[in-house]
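Asks: build me a model:
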Amino acid sequence: MAVDIRDLVQRAAAGEKQAWDTLVSQLQRVVWGILGKFANLTYAEKEDLFQDVFMILLERGLRHFRGSTEHELRAYVSMITANEAKSYLRKHSRRFEMPDSFLASPEGKEETLTLGMRSADPSPGPEELVAGQEQLEGLCRCLQELPLIDQQIFWLRERDKPYKEIAELLHLPDGTVASKYDRAKKKIEECLKKAGIL
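Replies: Residues are numbered from 1 along each chain as shown. You can find the predicted model right below:
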């Protein structure tokens, strides 16, 4: 990650695509690793929450970050991710079983953020989780090839946001949102096919 974290975060929050892409590539493993600690979330729920976390960062989270180091940014994103997962489980009247101690792990100890927590629920096993993570990282790489506005539209539509709501949120005409989403889907599909993921 860039040495000047504050500058990187500020540029990403201002809509600079290269800065945003850098943050996504550096933080996706952190976010996915935190979600992997929640044994009672299904893989599909973790994928949805993964997207939610980056939408939060894009819409408001980066602007609220007050730290200045990579460690502080990772801790900040870890907390947002854990809070989103806990809120989701509370909303669906489900218990969450995850110690908060991992959030205070020493800097650089990314092995504490890996997948593979064993559980008695019917969620995917380790092999499926690893394959799923590879697919998710492939999707992120393909998304990063799109302009920032197209990434936003794609993620919002994938979360079932109506075109009208997206248009209002991003200050765009309804028709522009629909056409950009359609183009983004086609480009992502082509990219995933080239990468051998589809």
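Asks: care to break the chain down by domain?
Replies: Domain assignment for the chain by automatic domain parsing gives 5-121, 145-198.
Asks: weakest of these by average pLDDT?
Replies: The weakest mean pLDDT among the domains of the chain belongs to domain 5-121, with a mean of 76.
Asks: if we can go back for a sec, of the domains of the chain, give the one that comes closest to residue 137.
Replies: With respect to residue 137, and counting by CB to CB, the nearest of those is domain 5-121 at 6.5 Å. Glycine gets a C-beta too; all of them are placed from N, C-alpha and C.
Asks: for residue 56, see how far away residue 67 is.
Replies: Distance of residue 67 to residue 56, given as CB to CB, to the nearest Å: 16 Å.
Asks: wait, residue 91
Replies: Computed as CB to CB, the residue 91 to residue 56 distance reads 15 Å.
Asks: again, but for residue 184
Replies: Separation of residue 184 from residue 56 (CB to CB) stands at 20 Å.
Asks: again, but for residue 149
Replies: For residue 149, the distance to residue 56 - CB to CB - is 17 Å.
Asks: residue 91 and residue 56: which has the busier surroundings?
Replies: Neighbour comparison, residue 91 and residue 56: the larger count goes to residue 56, with 17 against 8 (by other CB atoms under 10 Å).
Asks: need the contact list for the more buried one.
Replies: Residues near residue 56 by CB atoms under 8 Å, 6 or more residues apart in numbering: 80, 84.
Asks: tell me which element the closest residue to residue 13 other than its chain neighbours falls in.
Replies: Once flanking residues are discounted, residue 13 sits nearest to residue 62: 3.9 Å by CB to CB, 6 or more residues apart in numbering. Assigned by DSSP states H and E, residue 62 belongs to helix 62-64.
Asks: hmm, who's touching that helix?
Replies: Residues contacting helix 62-64 (CB under 8 Å, 6+ apart): 9, 10, 12, 13, 23.
Asks: of the residues you listed, just the buried ones, ChimeraX syntax please.
Replies: Burial among the contacts of helix 62-64 is assessed by 16 or more other CB atoms under 10 Å; the matching ChimeraX selection reads:
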select :9,12,13,23
